[in-house]
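[1] Provided below for reference: sequence and predicted model.
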Amino acid sequence: MDIILRNLTYQGIPIWRNVYVIRWVSQIVSGLLVVLLVSWFFVNIGNAIDDREIPYGFSFLSREYQTPIGQHFLAYESSDTFLYAFFVALTNTLIVSIAGVILATILGIFVGVCRMSNNWIASKLALAYIEFFRNVPLLVHLFFWFYVVLELPPVRQGYVIAQKVYINNGGLSFPWPSPNGMGTAGVWLLAVALAIIAGFVTHRRLAIREATTGATSYPLVLGIAVTLGIIAFAWLLLSVGLIGSEGERPFGLSYPEPHGAFGRISGGLTLSGGLIALLVGLVTYTAAFIAEIVRGGVQSVGRGQTEASRSVGLSAMNTLRHITFPQALRVIIPSIISQYLNLTKNSSLAGAIGYSDLTNVAKTMTQTAPAVSIFIMIMVAYLAMSLVYSVIGNLYNRHIRFTGG
Amino acid sequence: MGLKYLVLLMGLISMVGLITVACSSEEATESTAAVASGDSRLDLVKNRGKLICASRNDVPGYGSLDASGNNVGFDIDLCRAIAAAVLGDPKAIEIRYISASERGPTIQSGEVDVLVRTVTWTTSRDAQWGNYAQTMFYDGQGFMVKKSLGIASAVELKDATVCVTQGTTTELNLQDFSTQNNLNITPLTFEESDAVIAAYTSGQCDAFTNDRSQLAAIGSGFDNRSDHVILPDTISEEPLGPVVPHGDEQWFDIVKTVMGILIYGEAYGVEQSSVPSAVTGDTKVDRLLGITGSYGQESLGLSQTAAQDVLKAVGNYGEVYDRNLGPGGINLPRENGRNALWADAACTNCPKGGQIYAAPLR
């Protein structure tokens, strides 16, 4: 404040050219404009809701939903509440999002590396892939894969592999672990978590030992061995009943089986046709963008780095792994995160091909609950998912950023 | 000196700011009020010179495209009838094609004048969406299955997967039916009816549920119609009719009256090809046609001869039905069914067994 006063009482510079005045005024004006714009939106929404008697409120959340949800990975009954149904739908979207992000990253990096390959065919194939998938709207992709899935035989004439895997246009069903008893399964999962921590600690200790003393210590191999050892030991103990008095295996396998007059598959895990079409569509589409980001990132690393690495005798693969890629990651991560966000938000097209994602279920909810409230919930849910991805991405970005060390 | 300038400037800025806030909120109120209460919907339509209807173009009989690309159907004719009554020109319409789940938000926002898209009248929709003018077709939910499944009744759909369109009452009724009969039905919900049909015909679903008349209409487009069968069970009430936005009673009354004109047109035997424009001697017909007497045209803001325009444009209810849903369209039987007239208007003691009825025109 002192500084401002001193500058203001100084007669030399006219007020409209005083840098402090300009800074303050421009900040205040732009702040006011933002406040005005936002309040105008809210006033407008409020008026519209009042004038047209549009219902609004959240009291419906504790009411029974009484509407079916096509596919759900969490247990759901029509007597559950709106809030829980919304959560079930959110899980459906999360599963698509997480699986899609992992698969798209793998495929994207693979295509991106192929694109930079010296192998002419691999490089041109990758180019064709990228250009084709990038330049066709996602909804068209989804319908394409939807009709591909529909071309599969219906459930009763579907393919069966070894009586354990069922493939038909209703989806893909395969054996899946199911907990035998909540107690033993829980104890075992706890043991798995501890085993993973123990494995990491072992790995870290041995890696430090190797780095400081130079003695070959096999940190990776021994770390994995410790993890697997503890997991297997816990399984054995629980199975023969030394810890849990029941003495049962924590998990059994649930096998898919045709069930009922229509031969619908129950048991095991079924990925519905809609989910498969959605995942394939989202993954192939997003991977094309990721491939280009990977290529851009790798090519942004100076040529001298590669040449230096090769000249000290690292192979092409090791150069990519230890020299080029770690540096490229700093360029890649921020843009790849926005692709993850895109994939998550694009999954809201699922309603077109019959997968019960968040948007699909929530739109059905607008039939028996106020649409304004539902759409606010949809927005908040996607915003929350996007923010979580951003936070994780930024943490990782901070972890790998260039620290000079 | 400088400080004075600063204070002055701050004062000016905050004044400008305050004025802008005041103006903008006032403006906002006005602009939304223009649709809601300032101008009546009738004035809005007349000034615009055309009627905006939300409807469909994907189901034969209700709303589809004919060979030359014209939008035709029962719902479309109801829209044309309202345009004829209000504007004197049945062609002065703009149809917005919307999916089933878009119906609520579309009519709630008041962006269309009337929603005629096979909308079932339910109490929560009446409370939340808009005002239901008049039931113009009594429907019920049914199931279509492949004949090869060999099932005779919907209660045999135990553990079946059933295709359904999102945002419909059928989606909600399906759960009631499944719970009541302990059927454990898995629904497969799609936004667009094209995807529903594709999923059903490919066998992704075991059955397809919709209003019975729409099942018949959609089935009429199948190449192998005889391979499919509509099960005899009707699991719900589906009264269909036009919906208007909340908040304008005059407009609500106008749409109800136009529906009444169609229904009494049939009851009095006034046909499209021979709408009288001079005194017929039958007081009821003369009043309907605006030649003598009144059924409230002035208070509604309709022209004296609005009914003549309506009946010349689309014909009476029976003609609209026959052209689209009857022999001229998807061939749903009407005789002795619920969609027959309640009685002969000329002879109130001669019941026809139907439920198509409207407030008497007088």
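    Okay, I see it.
[2] which sections of the stretch 201-350 of chain A are below the confidence cut-off?
    Flagging of the stretch 201-350 of chain A using pLDDT under 70 yields the residue ranges A:242-246.
[3] can you give me the helices for it?
    Taking DSSP state H, counting those that start in this stretch as the criterion, the stretch 201-350 of chain A contains helices spanning A:219-240, A:273-299, A:303-311, A:316-318, A:325-346.
[4] So for chain B, which of the ones you listed sits nearest?
    Taking Cβ to the nearest Cβ, helix A:273-299 is the member of these nearest to chain B, at 5.8 Å. Any C-beta I mention is one placed from the backbone N, CA and C, and that applies to glycine too.
[5] For the closest one, which residues meet the burial criterion?
    When burial is assessed from 16 or more other Cβ atoms under 10 Å in any protein chain shown, helix A:273-299 yields the following buried residues: A:273-295, A:297-298.
[6] rewinding a little: closest one to B:Asn182 among the helices of the stretch 201-350 of chain A?
    Each of these was checked against B:Asn182 via Cβ to Cβ, and the shortest separation belongs to helix A:273-299, namely 25.8 Å.
[7] Just give the closest residue to A:Tyr147, not the sequence neighbours.
    Computed as Cβ to Cβ, 6 or more residues apart in numbering or on different chains, the closest residue to A:Tyr147 that is not its neighbour in sequence is B:Ala198, at 7.1 Å.
[8] Is the one you found in a helix, a strand, or coil?
    helix (DSSP: H, G, I helix; E, B strand; the rest coil).
[9] Dump the helices of the stretch 201-350 of chain A into JSON lines; add distance to A:Tyr76 as well.
    Compiled in JSON lines, the helices of the stretch 201-350 of chain A are given as follows (distance: least, Cβ to Cβ, whole Å):
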{"stretch": "helix A:219-240", "distance to A:Tyr76": "30"}
{"stretch": "helix A:273-299", "distance to A:Tyr76": "16"}
{"stretch": "helix A:303-311", "distance to A:Tyr76": "53"}
{"stretch": "helix A:316-318", "distance to A:Tyr76": "47"}
{"stretch": "helix A:325-346", "distance to A:Tyr76": "22"}
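[10] quick one: the strands in the stretch 1-150 of chain B?
    B:51-55, B:58-59, B:63-65, B:71-72, B:93-97, B:114-115, B:130-132, B:137-139, B:141-146 (DSSP state E, counting those that start in this stretch).
[11] Oops, could you answer that again for the stretch 101-250 of chain A instead?
    Taking DSSP E, counting those that start in this stretch as the test, the strands found in the stretch 101-250 of chain A are A:159-161, A:165-168, A:171-174, A:176-179.
[12] now these as TSV including mean pLDDT, mean neighbour count and distance to chain B?
    Listed next are the strands of the stretch 101-250 of chain A as TSV, based on pLDDT from 0 to 100; neighbours: other Cβ atoms under 10 Å in any protein chain shown; distance: least, Cβ to the nearest Cβ, whole Å:
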stretch	mean pLDDT	mean neighbour count	distance to chain B
strand A:159-161	91	11	14
strand A:165-168	92	19	8
strand A:171-174	92	22	9
strand A:176-179	86	14	18
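[13] Is it possible to get a markdown table of those strands that adds distance to A:Pro334?
    Conversion of the strands of the stretch 101-250 of chain A to a markdown table gives the following (distance: least, Cβ to Cβ, whole Å):
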| stretch | distance to A:Pro334 |
| --- | --- |
| strand A:159-161 | 42 |
| strand A:165-168 | 39 |
| strand A:171-174 | 35 |
| strand A:176-179 | 36 |
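[14] among those, which is nearest A:Arg17?
    Here strand A:171-174 is closest among these (Cβ to Cβ), at 70.1 Å.
[15] elements contacting the closest one?
    In terms of contact count using 3 or more Cβ pairs under 8 Å, 6 or more residues apart in numbering or on different chains; DSSP states H and E, strand A:171-174 is assigned the packing partners strand A:165-168, strand A:269-272, helix A:273-299.
[16] Contacts for that strand next, please.
    With Cβ atoms under 8 Å, 6 or more residues apart in numbering or on different chains as the test, strand A:171-174 has contacts from A:164-167, A:256, A:265, A:267-273, A:275-276.
[17] repeat that with 10 Å
    If you take Cβ atoms under 10 Å, 6 or more residues apart in numbering or on different chains as the criterion, strand A:171-174 is touched by A:71, A:149, A:152, A:155, A:158-161, A:164-167, A:255-258, A:264-277, B:204.
[18] where are the low-confidence patches of the stretch 201-350 of chain B?
    For the stretch 201-350 of chain B, the stretches with pLDDT under 70 are B:345-346, B:348.
[19] What residues does it have near chain A?
    Taking Cβ under 10 Å from any Cβ of the partner chain as the contact definition, the stretch 201-350 of chain B meets chain A at B:Thr201, B:Ser202, B:Gly203, B:Gln204, B:Cys205, B:Asp206, B:Ala207, B:Pro245, B:His246, B:Gly247.
[20] Pick out the shakiest of the strands of the stretch 1-150 of chain B, pLDDT-wise.
    Out of these, the stretch the model trusts least by mean pLDDT is strand B:58-59, with a mean of 88.
[21] May I have stretch A:209-219 exported as PDB, CA atoms only?
    Output for stretch A:209-219, consisting of C-alpha atoms alone and laid out as PDB, is shown next (Å, rounded to 0.1, in the frame of the first residue of the first chain):
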ATOM      1  CA  ARG A 209      22.400 -52.100  -2.200                       C
ATOM      2  CA  GLU A 210      23.200 -52.800  -5.800                       C
ATOM      3  CA  ALA A 211      23.700 -49.200  -6.600                       C
ATOM      4  CA  THR A 212      25.900 -48.500  -3.600                       C
ATOM      5  CA  THR A 213      28.000 -51.600  -3.300                       C
ATOM      6  CA  GLY A 214      27.900 -52.900  -6.900                       C
ATOM      7  CA  ALA A 215      27.200 -56.400  -5.700                       C
ATOM      8  CA  THR A 216      24.700 -58.100  -8.100                       C
ATOM      9  CA  SER A 217      21.500 -58.300  -6.000                       C
ATOM     10  CA  TYR A 218      18.600 -59.200  -8.500                       C
ATOM     11  CA  PRO A 219      16.200 -56.600  -7.000                       C
END
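[22] A:Ile109 and chain B: what is the separation?
    As defined by Cβ to the nearest Cβ, to the nearest Å, A:Ile109 lies at a distance of 33 Å from chain B.
[23] Grab the nearest non-local neighbour of that residue.
    Spatial nearest neighbour of A:Ile109, excluding adjacent residues (Cβ to Cβ, 6+ apart): A:Val294 at 5.4 Å.
[24] Likewise for B:Gly140?
    For B:Gly140, ignoring the flanking residues on the chain, the nearest one in space by Cβ to Cβ, 6+ apart is B:Thr234 at 3.7 Å.
[25] ok, that neighbour - how many residues close by?
    A count of neighbours around B:Thr234, defined by other Cβ atoms under 10 Å in any protein chain shown, yields 15.
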